[in-house]
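Chemist: Need the 3D shape of this:
(one chain, ligands or ions: 2)
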Amino acid sequence: MLTPLRELARDARTRRVGLGAFNVIHLEHATAFADAAAATGLPVVFQISENAVKYHGALAPLCLATLAIARDCPAPTAVHLDHAEDVDLIREAVDLGITSVMYDGSKLPDAENRAATRAVVELCHAAGVDVEAELGEVGGKNGVHDPSARTDPADAAAFVADTGVDLLAVAVGSSHAMTTRDARLDEGLIRAIAAAVDVPLVLHGSSGVSDAGMRGAIAAGMTKINVSTHLNKVFTGAVRDALGADPALVDSRAWLRPARAAVAAEVARLLRLYGEPS
Ligand code: G3H
Ligand code: ZN
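Modeler: Ligands and ions are numbered 1, 2, ... in the order given. Below is the predicted model of the structure:
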């Protein structure tokens, strides 16, 4: 059932648990995440990135299908536009019925990022849509692995007050698109930011963080946990196994089915890991 992201994240923050947010790239991702949410009864955030929209050439087909799957899911769900830099795409997502968006102005100079984020918040809140924004660019989004970026706690508090965002993505040592799980997060900094701001915090680039690192981050005050690359590894590994095991396979369902099942099992495991109270 569709639920505002603000509510899911506030509830998770109060209970000091993590809220899993996973990227939908193909329809099989959305069905796998719904399978995992139904199996665990835990909330899940389906997110569609601007990059995925570019891949498909349009937002509506994947977004409307994901909304339909999320609505039908027995567990609480949100459908979120991820890393959107294009405000027209945000308007389109709002019109399609998405429940939240991440406006990514992290490449802009600070004053411009604040002004643009404030404008997106006004546009989205008028339609009842929640907004996540980022302060202190998370490393690696464009292939540059720079886990040294850090968000300053006082700056984070001022940014939230200036812009009115509902969730804040922060830079605390993670880096996008890692295929190993050995990133070291700065838990002291997470604690300091969580104490300074009154909105739930978001960790991007969570694929690079181990299970133990994630438990530590959630205990320190991290709430929304964004994972994509790790699940792509699981998906592609299962496809590779299925095709390797039977070179005569022709029906695409025969190799997509095990990929969907493998992703659903890993997402269920992650949801339980994040949902364990600290
Ligand atoms: O916004 C999405 C996430 O930050 C995913 O990052 O692919 O490194 O897990 P990841
Ligand atoms: Zn991200």
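
Chemist: Do I have it right that residue 189 meets residue 153?
Modeler: Yes: between residue 189 and residue 153 a contact is recorded at 7.4 Å, counting by CB atoms under 8 Å. Backbone N, C-alpha and C define where each C-beta goes, glycine included.

Chemist: neighbours of the residue in the stretch 51-200 of the chain positioned nearest to ligand 1, just the number please.
Modeler: In the stretch 51-200 of the chain, the residue that lies nearest ligand 1 is residue 176 (4.3 Å; CB to the nearest ligand atom). Per other CB atoms under 10 Å, the neighbour tally for residue 176 reads 24.

Chemist: again, but for residue 163
Modeler: Residue 163: 24 neighbours (other CB under 10 Å).

Chemist: Excluding chain neighbours, give the residue nearest to it in space.
Modeler: residue 117 (4.4 Å; CB to CB, 6 or more residues apart in numbering).

Chemist: What's the separation between that neighbour and residue 123?
Modeler: 11 Å (CB to CB, to the nearest Å).

Chemist: swap in residue 156?
Modeler: Distance from residue 156 to residue 123, by CB to CB: 22 Å.

Chemist: swap in residue 64?
Modeler: In terms of CB to CB, residue 64 sits 21 Å off from residue 123.

Chemist: Please identify the residues of this protein in proximity to ligand 1?
Modeler: 23, 82-83, 176-178, 204-207, 226-230 (CB under 6 Å from any ligand atom).

Chemist: Could you list which of those residues belong to helices?
Modeler: Residues of those located in helices (DSSP state H): 229-230.

Chemist: for the residues of the chain next to ligand 1, which one is nearest residue 48?
Modeler: Nearest to residue 48, judged by CB to CB, of these is residue 82 at 6.3 Å.

Chemist: Provide a list of residues in contact with the closest one.
Modeler: Neighbouring residues of residue 82 by CB atoms under 8 Å, 6 or more residues apart in numbering: 21, 23, 47-50, 102, 226.

Chemist: That'll do, ta.
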